[in-house]
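**Student:** give me coordinates for this.
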Amino acid sequence: MPKRLLERQVSLLDYLTSSGAIFGDKHDTPLDPALQGIDRALLRMEARFSHEKRMEKIAAVFPRTFKLLGTGRERIVREFVDACPPVDISRLENARQFHEFLRRRWRHTPPMPPYLCDVAACELACARARGATEGRAPEADESTHSPSCGHIRRGQSSLRRRCAEHRRARPRSVRFARRARAMDRSARIRGCRARR
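**Tutor:** Just a heads-up that it's a prediction; the model follows:
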């Protein structure tokens, strides 16, 4: 009896995480014999709700990535559902699983825009850093110790990432840069006149 119950639970979870149940694509697909007698409409509704809850967790970690995915997001989410059934209920684990899926996908199909991989990696790193610092009390010397000039203070759990797409910071405008050079030049001229 316990073995039959376990088999029925496993087949139920397999069905609830399948794209056919979530998106309702395959209405004529026969149910597993262990699931006979359970209302198919209720199963689809439960599958859809659990999928939406999972995607809300993932979207909370990757808001900019989801925005940059644009119109291809639905296709990518469907591929993700087929390739990666949920293994954990935590927000970070689901986000890590989605990020790994995107990385595998982008090896074959480069993302548009090209810096999308870096955005996703940064958002995942930020979520991990927030998760690591939540509930942690500040250390005693953290508030009294000030870093010396030129040094950067960072938490022990911080992650450094090398970006594939290099973006150099630019001045706000060419006019701003010209104005700064002109002001510097006029200050030097005034200084020379004052010495005479």
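**Student:** residues contacting the helix or strand hosting L13, please?
**Tutor:** Per DSSP states H and E, L13 falls inside helix 2-16. For helix 2-16, contacts defined as Cβ atoms under 8 Å, 6 or more residues apart in numbering pick out 21, 31-32, 34-35, 38, 43, 46-47, 50, 85. Any C-beta I mention is one placed from the backbone N, CA and C, and that applies to glycine too.
**Student:** now, which of those sits nearest P110?
**Tutor:** P85 (26.3 Å; Cβ to Cβ).
**Student:** not counting sequence-adjacent ones, nearest residue to that closest one?
**Tutor:** Nearest residue to P85, sequence neighbours excluded (Cβ to Cβ, 6 or more residues apart in numbering): T17, at 4.3 Å.
**Student:** so who does that neighbour touch?
**Tutor:** Here T17 is in contact with 47, 50, 81, 85-86 (Cβ under 8 Å, 6+ apart).
**Student:** with L102 instead?
**Tutor:** L102 is in contact with 65, 76, 111, 117, 120, counting by Cβ under 8 Å, 6+ apart.
**Student:** same thing with I22?
**Tutor:** Going by Cβ under 8 Å, 6+ apart, I22 touches 44, 47-48, 51, 81.
**Student:** for the residues you listed, give me CSV that also has pLDDT and neighbour count.
**Tutor:** Below are the contacts of I22 laid out as CSV (pLDDT from 0 to 100; neighbours: other Cβ atoms under 10 Å):
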residue, pLDDT, neighbour count
R44, 89, 18
A47, 91, 21
R48, 93, 15
H51, 94, 19
V81, 93, 22
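**Student:** next, format these as a markdown table and append secondary structure and distance to W106.
**Tutor:** Formatted as a markdown table, those follow (DSSP: H, G, I helix; E, B strand; the rest coil; distance: Cβ to Cβ, whole Å):
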| residue | secondary structure | distance to W106 |
| --- | --- | --- |
| R44 | helix | 31 |
| A47 | helix | 28 |
| R48 | helix | 28 |
| H51 | helix | 23 |
| V81 | helix | 18 |
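**Student:** and those residues as a markdown table, adding distance to L6?
**Tutor:** As requested, those are exported to a markdown table (distance: Cβ to Cβ, whole Å):
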| residue | distance to L6 |
| --- | --- |
| R44 | 23 |
| A47 | 20 |
| R48 | 25 |
| H51 | 24 |
| V81 | 24 |
